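> show me the folded form of this:
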Amino acid sequence: MSLYPFHLYCQRVDPTRNMARYYMLAIQPTLFGEAAVVRRWGRIGSRGGEKSEVFATEREAAIHFLTIARQKRQKGYKPVGSAEYLWKSKVSHAEFCIASMTGRI
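Below you'll find the predicted structure:
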C-alpha cells in the first residue's frame, strides 16, 4: 500500500432544491494486504450510507477511486478542504492521482 492514501470529501449543496449532500471516498488497506475503496454518502449532518469494495492491488483501487471521483464531479459535487485546488484547476486524472500519492492532497 502507498504511504499516501487517497482521501476525498465532497459536498453538493443547492438551497433552492433543499439539497445538502456529502460524499467521501478513501482507499484503505485491508488486513490481508488488499486495497479497499470505501465510500460514505448522505445528507450533511446525517450518518448516511457506506459501501466498501475490495481490490487485489492498489492500482485497481486507484482507478476505481478516480472513476467515482469523476462521476461525482460531473454531478456537481465540489471538494471541501485541500483537494479543492485540484478540482478548480481541472487537472487530469493522472495529475490528480500523482498529487494524491505524493501527499499534496
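> point out where this protein drops to low pLDDT.
Scanning the chain for pLDDT under 70 picks out 1-5, 82-105.
> ranges for the helices of it?
Assigned by DSSP state H, the chain shows helices spanning 58-74, 84-88, 93-101.
> and the longest one, what does it pack against?
Translated: helix 58-74. Contacts defined by 3 or more Cβ pairs under 8 Å, 6 or more residues apart in numbering; DSSP states H and E place helix 58-74 against strand 7-14, strand 19-29, strand 35-43, strand 49-55, helix 93-101. For glycine as for every other residue, the C-beta is placed from the backbone atoms N, C-alpha and C.
> tabulate the ones you listed (CSV), appending distance to Lys78 and mean neighbour count.
Formatted as CSV, the helices and strands packed on helix 58-74 follow (distance: least, Cβ to Cβ, whole Å; neighbours: other Cβ atoms under 10 Å):
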stretch, distance to Lys78, mean neighbour count
strand 7-14, 6, 17
strand 19-29, 10, 17
strand 35-43, 14, 17
strand 49-55, 20, 12
helix 93-101, 15, 16
